[in-house]
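Undergrad: Pasting the sequence and the predicted coordinates here, then a few questions.
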Amino acid sequence: MNSRLRVLFEDEHCLGVFKPAGQMTQGTWAPPGDTTLEQDVRRHLDPAAPEAAYLGIVHRLDRPVSGVLLWAKTPKAARRLAGQFEARQAVKEYWAIVETPDSPACDARASPLLPVGETWVDWLTTADESGVVHVVSEGTPGARMAKTRVSVDVATRLPTDRCWLRLWPETGRTHQLRVQAASRGTPIIGDAIYGSREAFSPGIALHARSLQVRHPTTSAPLILVAPLPTSWSVQGIDAGTASA
């Protein structure tokens, strides 16, 4: 058993875990003294022979992002879960704290910058040689549409130049939420490559709060919720304050 791993759900078909901010999701390389989440999961599945364990990757999180991540434990589960993501049937909710330098009043009831129920629709490039994604005009060769539903929630203890967003991406583009927020002048706190001027540790203030899919064998709703890192309560946000 791997004591590093925080398991949110497990049965013989799939495994839901908490990914810490700053940890790489997959691969065999990690900084000295650290491991990737994939390595931790493999050790959890088979401590004696981690590389022999079957592990299906059906979605990913960027390295600086925390939150819920779901893995398949059988090829059948991998196919069925991946199909839900490809068909946009998986419901993903993210929480973010963003900078709002030009709008000191960020109110969940009537924000001039980020109104309740807004949908962001943009066209994004693939990552360039420095790993950065850009918003471009529709029709730009190679660009793909990104769509995210957005709501502002109440966070009375946040500084007046910050907002708490709840985000439901309907597509799954690289750095989608990060670049969409930054392109509107509201970069995610700590996300320096997309223009944030504020520090956030560890990682950035983007958290994959929940994931809802159909169980790959029973088709029953499977809802996974990731606990908030302590860095969020320092910012004035805790799980009990979210509106329905």
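TA: Structure received. Residues are numbered from 1 along each chain as shown.
Undergrad: For the rest of this, base every contact and every neighbour count on C-alpha atoms.
TA: Will do.
Undergrad: Could you find the closest non-adjacent residue to L158?
TA: G236 (5.5 Å; CA to CA, 6 or more residues apart in numbering).
Undergrad: who touches the helix ranked longest in the chain?
TA: As assigned by DSSP state H, the longest helix anywhere in the chain is helix 75-86. Surrounding helix 75-86, the residues in contact under the criterion CA atoms under 8 Å, 6 or more residues apart in numbering are 13-14, 54, 56-59, 71-72, 90, 213-217.
Undergrad: which pair in the residues you listed spans the largest distance?
TA: Greatest spatial distance among these (CA to CA): Y54 and A90, at 22.4 Å.
Undergrad: if you count what's nearby, which of those two comes out ahead?
TA: Taking other CA atoms under 10 Å, Y54 and A90 do not tie; A90 has more neighbours (18 against 13).
Undergrad: follow-up on the earlier one: next SSE after the longest helix of the chain?
TA: Going down the chain from helix 75-86, the next helix or strand is strand 91-99, by DSSP states H and E.
Undergrad: Check the average confidence over that following strand, would you?
TA: The average pLDDT within strand 91-99 is 96.
Undergrad: Run the angle between it and helix 75-86 for me.
TA: 50 degrees (axes from the mean of the first three to the mean of the last three CA atoms, to 10 degrees).
Undergrad: From the chain's centroid, how far away is stretch 136-144?
TA: Centre-to-centre, stretch 136-144 and its host chain are 24 Å apart (CA atoms, centre = their mean, to the nearest Å).
Undergrad: Surely V98 is in contact with R166?
TA: No. Between V98 and R166 there is no contact under CA atoms under 8 Å: 10.7 Å.
Undergrad: hmm, back to that, state the mean pLDDT of the longest helix of the chain.
TA: Per-residue scores along helix 75-86 average to 97.
Undergrad: Could you pull out the buried residues of it?
TA: Neighbour counts over helix 75-86 (16 or more other CA atoms under 10 Å) mark A77, A78, R80, L81, A82, Q84, F85 as buried.
Undergrad: Mind putting the residues you listed into CSV with distance to L158?
TA: Below are the buried residues of helix 75-86 laid out as CSV (distance: CA to CA, whole Å):
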residue, distance to L158
A77, 41
A78, 40
R80, 40
L81, 37
A82, 37
Q84, 36
F85, 33
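Undergrad: wait, what's in contact with the residue most central in space within the chain?
TA: Centroid-nearest residue in the chain, with CA atoms, centre = their mean: A208, separated by 3.7 Å. Going by CA under 8 Å, 6+ apart, A208 touches V65, S66, G67, V68, K92, E93, Y94, W95, A226.
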